[in-house]
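**Q** Fold the stuff below for me.
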Amino acid sequence: MIFPESILYAADNGGGQKMKCIGGIGDLRAGDELIVTVHRAKWKRKVKKGKAYRGVLIQTRRWTRRPFGNQVKFCSNRVVLLKRGENLPIGSRVTKFSCYELRKKGFLKIVTLSPGQI
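**A** All right, here's what the predicted structure looks like:
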């Protein structure tokens with residue numbers, strides 16, 4: 001579960017490395033949108049330290065129950081940052097596997113850019 005003040009890590013090449021959740025309704029799971037602020041960023045990239053961005057969770061450390069009976073859990077909480085007013089990622093490549101729930105919630109561009117789907 002992701003709450004405000006939770007630490008998240010980037011899953012794309014937009015420039016952010018470590019983020020903190022500052023907004024979201026209820027306990028967030030894979031595929032949910034949230035607002036994050038950047039705590040650590042790479043030098044000379046699109047993402048700047050201290051700014052707030054929209055993002056979508058693609059991996060969570062919590063067990064996620066699927067409708068066909070199995071469960072999945074990842075090693076860390078990963079987020080992909082989104083452009084303002086669009087559901088498109090800031091980066092051009094997603095480096096981590098994405099969840100099945102992203103396809104159901106309409107983030108097809110992220111699913112297409114990721115190396116695989118679990």
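**Q** Enumerate every residue touching the most centrally placed residue in the chain.
**A** Centroid-nearest residue in the chain: residue 79, 1.9 Å away (criterion: Cα atoms, centre = their mean). Residue 79 makes contact with 8, 9, 10, 11, 19, 34, 36, 55, 56, 57, 58, according to Cβ atoms under 8 Å, 6 or more residues apart in numbering. Just so you know, the C-beta spots here come from the backbone N, C-alpha and C atoms, and that holds for glycine as well.
**Q** 6 Å instead?
**A** 8, 55, 57 (Cβ atoms under 6 Å, 6 or more residues apart in numbering).
**Q** ok, and the most crowded of those?
**A** residue 55 (27 neighbours; other Cβ atoms under 10 Å).
**Q** That one against residue 78, yeah?
**A** No - at 9.7 Å, residue 55 does not count as touching residue 78 under the criterion of Cβ atoms under 6 Å.
**Q** mind checking the longest helix of this protein?
**A** In the chain, with assignment by DSSP state H, the single longest helix is helix 108-113.
**Q** mind listing what's buried in that one?
**A** 109, 110, 111, 113 (16 or more other Cβ atoms under 10 Å).
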